[in-house]
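Asker: this is a predicted model, with the sequence first.
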Amino acid sequence: MLATDEVWRLQGGNDFNQYQKSGGSDPECICFQKMASQGHYGAGGGTKQGIYLCTPGGKFLASINSLSGNAVAAVLERGLSKWTTEQLGIGTTPAATSTPSHRWEWSYPEHGLVLKQTTRYLSDSPRPLAERDKRFNFDFVWFDPSEVMMFIPSQPVIGMEFQLPKTLFERFACYHLIETAHGESGIYHSNEVTGTFQGKVIDVKPGSLKIQVSGNCHSLSNRKEYRGLSPAKQIKIEFHGSFLFDRLDKEFDQFELIAKGRIFNSADENTSSRSIGWYFKLADPDKPAERLSPTHVHAYGTEWVKQAPLPLYNLKPKNP
Amino acid sequence: MSLRKQICTTLLIMTCQFGIFPNDAPAQETDETTTASPLSGANFNFWRSYINARDTELEWQNLPWKMSFHEGLKEGTKLGKPVLLWAMNGHPLGCT
């Protein structure tokens, strides 16, 4: 059986001992905490993120947190072997019902814009399509219905050019155009990103609008987060895309955006660097796996995202 | 989906086949387009194909994942099977 969940919720914050001492008692979380304390990160505080194999009753079988597919596969084989040979039994499910106090997915913007994001490093030497990096990462971008309307000019005319609001630019620049191709990254604060995001009306029909978008972004940060994640020191990005908007249903029928960036190890552009690409397209609302929340949705700083009761250390929603 | 939307979707698929997306300019990339080429409307298709994941890379998403640990444990109990819990970002085989 396969399950995916938010590790921060399951571990009850940064330290599950503290969670339990302060009265945290969600049976699902307690089950995870007992199980994960036997895993690769052991007992005590700190993240317990990773891949776990357990019995349906919550007994630990095996776990790992690795970038190596072979290492993960070996751990899965070891766990399955333990399940078979030790006959640990099915046991009973720790709780008859699930009663989480918070899920980020509860803020899913119905009738808004939900994009699926794929991030991949680009080769620095000229290479054809067949020789691309096989490793990639993905995420989701959320806009609620009121933000959707910010993409649309009030009186569109073919050929009209316009600036898209800062809110939309910052949603991409601060939380999504970050270095996540091979792992995690911190976000940028709004005072660390500059750039433009402009649209051009390509076609106007009574029921639809076709808009071409383009822009650039310069992200610069010298922050060193304590315990949290820092973003790349500097990224220079250009992006290009288009969308088709249904004026009657007030929703996007098509949306594509590609961004191409150069990541620098410092504010100096003469230091070592590498290229990265991001591709955004409409997510499928009928697929549960495409209704997962954005990684950094906690920092969007919007009222429609319901915040979790568990504090996320040192991750500020807006400028310090 | 409303009838109007269904008809519109059919038309949209037809127009897509004639290449109006993603930009008005038809895709002009050739076999000579490489990662050294700058991003533009003309080579948008190359960059989309380069960055976006292919169906074969996303086969794991077709598995019937449950969206919470609890749901996984319940289903595992019902089926008499162990549970694989993925509690991190990226890819379940660690390939990020």
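Answerer: Nice, I can see it.

Asker: so which residue of chain B comes closest to chain A?
Answerer: Minimum separation of chain B from chain A (Cβ to the nearest Cβ) falls at B:G72, amounting to 2.6 Å. Just so you know, the C-beta spots here come from the backbone N, C-alpha and C atoms, and that holds for glycine as well.

Asker: now do that residue against A:A3, distance only.
Answerer: 3 Å (Cβ to Cβ, to the nearest Å).

Asker: could you do A:E77 as well?
Answerer: In terms of Cβ to Cβ, A:E77 sits 19 Å off from A:A3.

Asker: let me know how buried the residue lying closest to A:E184 once chain neighbours are set aside is, in neighbour terms.
Answerer: Residue nearest to A:E184 in three dimensions, not counting chain neighbours: A:L229, with 5.6 Å by Cβ to Cβ, 6 or more residues apart in numbering or on different chains. Look at A:L229: counted by other Cβ atoms under 10 Å in any protein chain shown, it has 14 neighbours.

Asker: residues contacting A:L229?
Answerer: Taking Cβ atoms under 8 Å, 6 or more residues apart in numbering or on different chains as the criterion, A:L229 is in contact with A:184-186.

Asker: if we can go back for a sec, more neighbours, A:E77 and A:A3?
Answerer: Neighbours were counted for A:E77 and for A:A3 using other Cβ under 10 Å; A:A3 has more, 23 against 12.

Asker: is chain B contacted by the helix or strand where that one lies?
Answerer: Applying DSSP states H and E as the criterion places A:A3 in strand A:2-4. Yes. Strand A:2-4 lies within reach of chain B by Cβ under 8 Å from any Cβ of the partner chain, at A:2-4.

Asker: check stretch A:122-131 too.
Answerer: Yes. Using Cβ under 8 Å from any Cβ, stretch A:122-131 reaches chain B at A:122-129.

Asker: hang on, the earlier thing: dump the contacts of A:L229 to CSV, plus secondary structure.
Answerer: Formatted as CSV, these follow (DSSP: H, G, I helix; E, B strand; the rest coil):
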residue, secondary structure
A:E184, coil
A:S185, coil
A:G186, coil
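
Asker: got JSON lines for those residues, with pLDDT and neighbour count too?
Answerer: Converted to JSON lines, the contacts of A:L229 look like this (pLDDT from 0 to 100; neighbours: other Cβ atoms under 10 Å in any protein chain shown):
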{"residue": "A:E184", "pLDDT": "84", "neighbour count": "16"}
{"residue": "A:S185", "pLDDT": "89", "neighbour count": "20"}
{"residue": "A:G186", "pLDDT": "90", "neighbour count": "20"}
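
Asker: ok, these vs chain B, which is closest?
Answerer: The closest of the contacts of A:L229 to chain B turns out to be A:E184 (Cβ to the nearest Cβ; 6.4 Å).
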